[in-house]
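Trainee: sequence plus predicted model, see below.
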Amino acid sequence: MNSPSSPASCLDPLALARLQELDPQGSNKLLERIIAAYLKALERMLPDLDKARTEPMDLSVIRHTSHTLKSSSASIGALALAQRCATIENMARLGETEGLGPLLDDMLEQIAMVRQALLDLAPNPT
């Protein structure tokens, strides 16, 4: 069992189990491929998000990035991250910048925890 502070605690075990059910023996390395795709998407999106956070904020990039991360994070079981992304996406859509910086900081911290949990789960994603 994972303690609340362990990296794997940021991943929903039921969502991971559903993914594993799609490839029960692991012969297709489905989970590893999904993790690799998610990590690769992070590598592509995070530099854009970093640039978009500078003043003046590029809400279009923030909205697009948080929208993309929302659905992909939910699919791998990073439900708290998906919820944070939904909040940020909504704020960006409405043009709300007050308080957005700390939410983005929190999102980046959650991304780091999710990334580590995924690497612990599949140390060599294909």
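Mentor: Sure, I can see it. Numbers count the residues shown, from 1 in each chain.

Trainee: span of stretch 91-100 from start to end?
Mentor: Terminal residues of stretch 91-100 are spaced 8 Å apart (Cα to Cα, to the nearest Å).

Trainee: apart from its chain neighbours, what residue comes closest to I62?
Mentor: Closest residue to I62 apart from its sequence neighbours, by Cβ to Cβ, 6 or more residues apart in numbering: A92 at 4.5 Å. Just so you know, the C-beta spots here come from the backbone N, C-alpha and C atoms, and that holds for glycine as well.

Trainee: which helices and strands does the strand or helix carrying that neighbour pack with?
Mentor: Using DSSP states H and E, A92 sits within helix 79-94. In terms of contacts (3 or more Cβ pairs under 8 Å, 6 or more residues apart in numbering; DSSP states H and E), helix 79-94 is packed against helix 59-76, helix 100-121.

Trainee: among the ones you listed, which is the most enclosed?
Mentor: Among these, helix 59-76 has the highest mean neighbour count (mean count of other Cβ atoms under 10 Å), at a mean of 19.

Trainee: could you list every helix and strand in contact with it?
Mentor: So helix 59-76, by 3+ Cβ pairs under 8 Å, 6+ apart, packs with helix 13-21, helix 30-52, helix 79-94, helix 100-121.

Trainee: identify all contacting residues around the third one.
Mentor: Meaning helix 79-94. 10, 12, 15, 59-60, 62-63, 66-67, 69-71, 73-74, 97, 99-100, 103-104, 106-107, 110-111, 114 (Cβ atoms under 8 Å, 6 or more residues apart in numbering).
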